[in-house]
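When you get a sec, could you give me coordinates for this:
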Amino acid sequence: MRYPAEETAAKHERIVKEASRLFRERGFENVTVSEVMKAAGLTHGAFYAHFNSKEELQEAAVAYGQAISAGRVRSHGATKKGLKAFAARYLSARHRDNPGDGCTMVSLAQEVAHSTPEIKAAFEQGLEEILSANSVDRKEAIFQTAALLGGVVLARAVKDPRFSDEILESVRQKISQR
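Numbers count the residues shown, from 1 in each chain. Model prediction:
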């Protein structure tokens, strides 16, 4: 059965959006195609009308997540005030505690490092967009991005909630001073 192009595109977008969320929450290996399709409200069999493989879905999900992240960076503006506002949001308990709603880079960078060249390319393209959204020079943009990501990674990795909060606050404070 053939569906109108708009309906097919909407289903495709729903699959990618749900996959991106699930992959950020649990990683590539801990999410099945069936789980993605169920979250998208579709059957497992419909997957192959949209993607040839799980890796192709991973690539699309990473590209989608990176585009969302780049939009969030741009929405705060390329000023000191904008950076401070972005850092406050990014280095927050809410972001730390909700990876499915958060940044693709912080949740999936380590997995992307061990992925296909296509997934790495999608990740890299998104990173370049994020770096170019920043008004500071490239080296400073790379530093700020690495500090933000590292802060959230460390805050998620420690057991003690007070230590986790301290990490977020320390990085937030240092980024805001730049």
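
Touching, Lys17 and Gly65? I think so.
No. Taking Cβ atoms under 8 Å as the contact criterion, Lys17 and Gly65 are not neighbours in contact, 9.3 Å apart. Any C-beta I mention is one placed from the backbone N, CA and C, and that applies to glycine too.

So for these two, which sits in the more crowded spot?
For Lys17 and Gly65, the more surrounded residue by other Cβ atoms under 10 Å is Gly65, and the numbers stand at 26 against 18.

Quick check: the gap between that one and Met37.
Taking Cβ to Cβ, to the nearest Å as the measure, Gly65 falls 18 Å from Met37.

Which pLDDT value goes with the residue nearest the centre of the chain?
Most central residue of the chain, judged by C-alpha distance to the mean C-alpha position with Cα atoms, centre = their mean, is Thr104 at 1.4 Å. Thr104 is assigned a pLDDT of 96 by the prediction.

got the buried residues for the worst-scoring helix or strand of the chain on mean pLDDT?
Taking all helices and strands of the chain together, the one with the lowest average confidence (mean pLDDT, DSSP states H and E) is helix 80-90, at a mean of 90. Of the residues in helix 80-90, those buried under the neighbour-count criterion (16 or more other Cβ atoms under 10 Å) are Gly82, Leu83, Lys84, Phe86, Ala87, Tyr90.

Equivalent analysis for stretch 4-20, please.
Neighbour-count burial for stretch 4-20 flags Lys11, Arg14, Ile15, Val16, Lys17, Glu18, Ala19, Ser20 (criterion: 16+ other Cβ under 10 Å).

between those residues, which is nearest Ala5?
For the buried residues of stretch 4-20, the closest approach to Ala5 (Cβ to Cβ) belongs to Lys11, at 10.8 Å.
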